[in-house]
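**Q** here's my sequence, what's the structure:
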Amino acid sequence: MISGAVRLFVFVLDTAIAILCVLLASLADRDAKLAYKVARIWAWLNVKVCDTRVTVRGLEHLDPTRSYVFMSNHRSNLDVLALVVGLWDFQLRWVAKEELFRIPLFGWGLRATKQILVNRADHAQAVASLERARERIRGGISVVFFPEGTRSPGDQMLPFKKGGFVFAIETGTPIVAIGIKGTARILPRDGWTVHEGGDVEVVVTPPIATDGLTFADRDALLARVERTIAATVGAPPAPERLRAAAPLAAAHATAPARSGTAR
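**A** Here you go, the predicted structure:
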């Protein structure tokens with residue numbers, strides 16, 4: 001308990017300092033790329049504070065100069081830090097629920113780093129948020145979706161939401177399915193303290209091209225990504241998703257990519 005309390009205190013303290021630095025960096029940075037670099041250092045520091053070791057597999061599938069729509073399973077608050085550290089060479093922007101932006105200080109940091117607010121109760125506002133995301137992705141920035149919408153309570157993944165898949169199709173941006181393993185053991189779904197560190201694995205799969213796909217392909221695309229993520233983390237997807245995957249044309253299988261380097 002003492003160890004967990006100390007780690008939580010350090011996290012709160014360094015987060016407050018990082019937010020102030022992010023706010024300052026954002027003043028002279030329209031795209032928030034400098035502010036995100038500050039946030040990236042914050043993520044790396046807190047991974048160390050949690051005594052966590054992040055191992056990444058599959059970075060060779062990615063080209064750091066390209067933009068992607070990253071989609072990952074979500075079981076712990078530690079997932080965000082693991083992705084930031086694992087995808088170190090990428091500028092990431094999260095599609096996050098509105099409630100997070102209301103948290104004092106933390107919400108300011110989200111806005112300063114140009115994270116994408118989505119009000120799930122207001123369809124018009126949600127559409128406007130994705131329009132802003134579309135503009136940002138053209139500047140070499142990648143967007144991250146947790147398609148489950150929230151942290152899953154167990155090994156079985158929650159049903160995927162369709163918004164991220166429509167976004168990827170409309171922008172013609174390749175989707176990269178990512179499986180994260182180990183975070184829930186270190187920081188449980190409803191926990192805020194880490195009592196014991198450990199190993200986290202981030203598995204990056206080859207990009208799935210969306211060029212030429214239409215709105216009618218969204219369900220099959222969703223099923224394919226869900227199946228890919230489920231395979232990396234050992235959680236079987238729902239049977240109906242497997243059946244829906246069949247119509248997706250094989251011609252849209254994998255987008256070409258250059259080699260990336262693991263960090």
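
**Q** and residue 206, what element?
**A** Using DSSP states H and E, residue 206 is not contained in any helix or strand.

**Q** give me the pLDDT value at it.
**A** Residue 206 carries a pLDDT value of 97.

**Q** just to check, it is in contact with residue 61?
**A** Yes: the pair residue 206 / residue 61 is scored as a contact, 4.6 Å apart, by CB atoms under 8 Å. Using the backbone N, CA and C atoms, a C-beta is placed for each residue, glycine as well.

**Q** secondary structure class for the closest residue to residue 234 other than its chain neighbours?
**A** Spatial nearest neighbour of residue 234, chain neighbours left out: residue 155 (7.5 Å); criterion: CB to CB, 6 or more residues apart in numbering. At residue 155 the chain is in coil, as set by DSSP: H, G, I helix; E, B strand; the rest coil.

**Q** state the number of residues packed around residue 155.
**A** If you count neighbours by other CB atoms under 10 Å, residue 155 ends up with 11.

**Q** before we move on, what about residue 30?
**A** Close neighbours of residue 30, defined as other CB under 10 Å, add up to 8.

**Q** contact partners of stretch 159-168?
**A** For stretch 159-168, the surrounding residues in contact (CB atoms under 8 Å, 6 or more residues apart in numbering) are 69, 71, 95, 118, 126, 130, 133-134, 143, 145, 147-149, 173-175, 210, 215, 218-219, 221-222, 225-226, 238, 241.

**Q** ok, which stretches of the chain are helices?
**A** Remark: helices assigned in the chain by DSSP state H are 2-27, 33-49, 78-86, 98-101, 106-112, 123-137, 163-171, 183-186, 218-233, 239-244.

**Q** on contacts alone, who are the packing partners of the fourth one?
**A** Using 3 or more CB pairs under 8 Å, 6 or more residues apart in numbering; DSSP states H and E as the contact criterion, the neighbours of helix 98-101 among helices and strands are helix 106-112, strand 116-118.

**Q** just the buried positions in stretch 166-177, please.
**A** For stretch 166-177, burial by neighbour count (16 or more other CB atoms under 10 Å) applies to 166, 167, 168, 169, 170, 171, 173, 174, 175, 176, 177.

**Q** ok now that stretch, how far from the chain's centre?
**A** Stretch 166-177 sits 14 Å away from the centroid of its parent chain (CA atoms, centre = their mean, to the nearest Å).

**Q** repeat for stretch 106-119
**A** Counting by CA atoms, centre = their mean, stretch 106-119 is centred 14 Å from the centre of its parent chain.

**Q** also stretch 61-77?
**A** Stretch 61-77 has its C-alpha centroid displaced from the chain centroid by 6 Å (CA atoms, centre = their mean).

**Q** what comes up buried for that stretch?
**A** 61-64, 66-76.

**Q** low pLDDT regions in the protein?
**A** Filtered on pLDDT under 70, the chain yields the residue ranges 1-2, 119-130, 236-263.

**Q** hang on, the earlier thing: so which of the helices of the chain is nearest residue 193?
**A** Smallest distance to residue 193 across the helices of the chain (CB to CB): 3.4 Å, for helix 2-27.

**Q** elements contacting that closest one?
**A** Using 3+ CB pairs under 8 Å, 6+ apart, helix 2-27 sits against helix 33-49, helix 106-112.

**Q** switch the ones you listed over to TSV; also include mean neighbour count and distance to residue 162.
**A** Output for these, formatted as TSV (neighbours: other CB atoms under 10 Å; distance: least, CB to CB, whole Å):
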stretch	mean neighbour count	distance to residue 162
helix 33-49	19	27
helix 106-112	19	24
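
**Q** now residue 55: how far from residue 180?
**A** From residue 55 across to residue 180, the span is 11 Å (CB to CB, to the nearest Å).

**Q** so these two - more neighbours on which side?
**A** For residue 55 and residue 180, the more surrounded residue by other CB under 10 Å is residue 180, and the numbers stand at 25 against 14.

**Q** distance-wise, check the more buried one relative to residue 174.
**A** Distance of residue 180 to residue 174, given as CB to CB: 19 Å.

**Q** same thing with residue 18?
**A** Going from residue 18 to residue 174 by CB to CB gives 31 Å.
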